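>>> coords please:
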Amino acid sequence: MAVAGDTSFMAAVNDTDPKSKGKSYSVEIKGSNYNHFLGKKIGDMVDGQFVGEGDQSLLGYQLQITGGSDKTGTPMRSDILGGNRQAVLVSKGTGYKAHKLVKKKGKTYRYTYDGIRKRRYFRGNTINQDTRQLNLKVVESGKKSLVDLLGGGGTSEES
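Numbers count the residues shown, from 1 in each chain. This is a model prediction of the structure:
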C-alpha cells in the first residue's frame, strides 16, 4: 500500500535524436500526472504533457514506456503480466546477465555458460503504486528540443 508521500515517479526520458548522442534526462512525475501512468503497461504510448510540470512539460512529444523498477530496485519485465513481484526462472535477458565471476591468480574473469538459468524476482509489466522509476523513450519530438525544456541552464557541449 502506498504512503501519502510516495506518490511520485522518477522518469528517465531518453532522447532518440541522433544529434543528442543518446542523452537522458531525469524528470519527476507527481500529482495528477502520477495518476495518468497508473495501469499503463510497458510498450504503451504516453503523451508528453503528462511528464514534467509547467514550463518543463513535454507538450507535443510522444513517449513510449520501455521499463522501470519498483521501490526495492526490482526491474520490470515486459513478458510478465500484472504488477506483482514474481520469482521467475530466467536465462540471459532483462534483469539477468547469466555469467559467473571466477577468481584465478588474483584476477577476476567473467565466464558465460550456455543454458545457465536462475530464479530471480521481477515486477510485472503494469505500473502500480509500488513503481518508483520509469524509463521513457521519445518516439515523436515536439517543437522545442529536450535540451531547451529539461537541460535548463547547465553546461553546453556545443562550445
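>>> Check the gap between the residue lying farthest from the centre of the chain and Ser20 for me.
Centroid-distance maximum for the chain: Lys105 at 38.6 Å, with C-alpha atoms, centre = their mean. The gap separating Lys105 from Ser20 is 44 Å, by C-beta to C-beta, to the nearest Å. C-beta here means a position set from N, CA and C on the backbone, and glycine is covered the same way.
>>> And Ile42, by the same measure?
For Ile42, the distance to Ser20 - C-beta to C-beta - is 23 Å.
>>> And the residue lying closest to Arg110 once chain neighbours are set aside, what's its pLDDT?
Among residues not flanking Arg110 along the chain, His99 sits closest, at 5.0 Å (C-beta to C-beta, 6 or more residues apart in numbering). His99 carries a pLDDT value of 85.
>>> now swap in the one 3 residues further on and tell me
Taken from the predicted model, the pLDDT recorded for Val102 is 91.
>>> what are the bridge partners for Gly93, then?
Note on Gly93: beta-bridge partners by DSSP bridges are Tyr96.
>>> Could you measure from it over to Lys103?
Taking C-beta to C-beta, one finds Gly93 at 26 Å from Lys103.
>>> Equivalent analysis for Asp70, please.
In terms of C-beta to C-beta, Asp70 sits 32 Å off from Lys103.
>>> Could you do Val138 as well?
Here the criterion is C-beta to C-beta. By it, Val138 lies 42 Å from Lys103.
>>> And for Gly43?
Applying C-beta to C-beta to Gly43 and Lys103 gives a distance of 40 Å.
>>> Beta-bridge partners for the most centrally placed residue in the chain, please?
Centroid-nearest residue in the chain: Asn135, 2.1 Å away (criterion: C-alpha atoms, centre = their mean). Asn135 forms beta bridges with Ala12, Gly67, as assigned by DSSP bridges.
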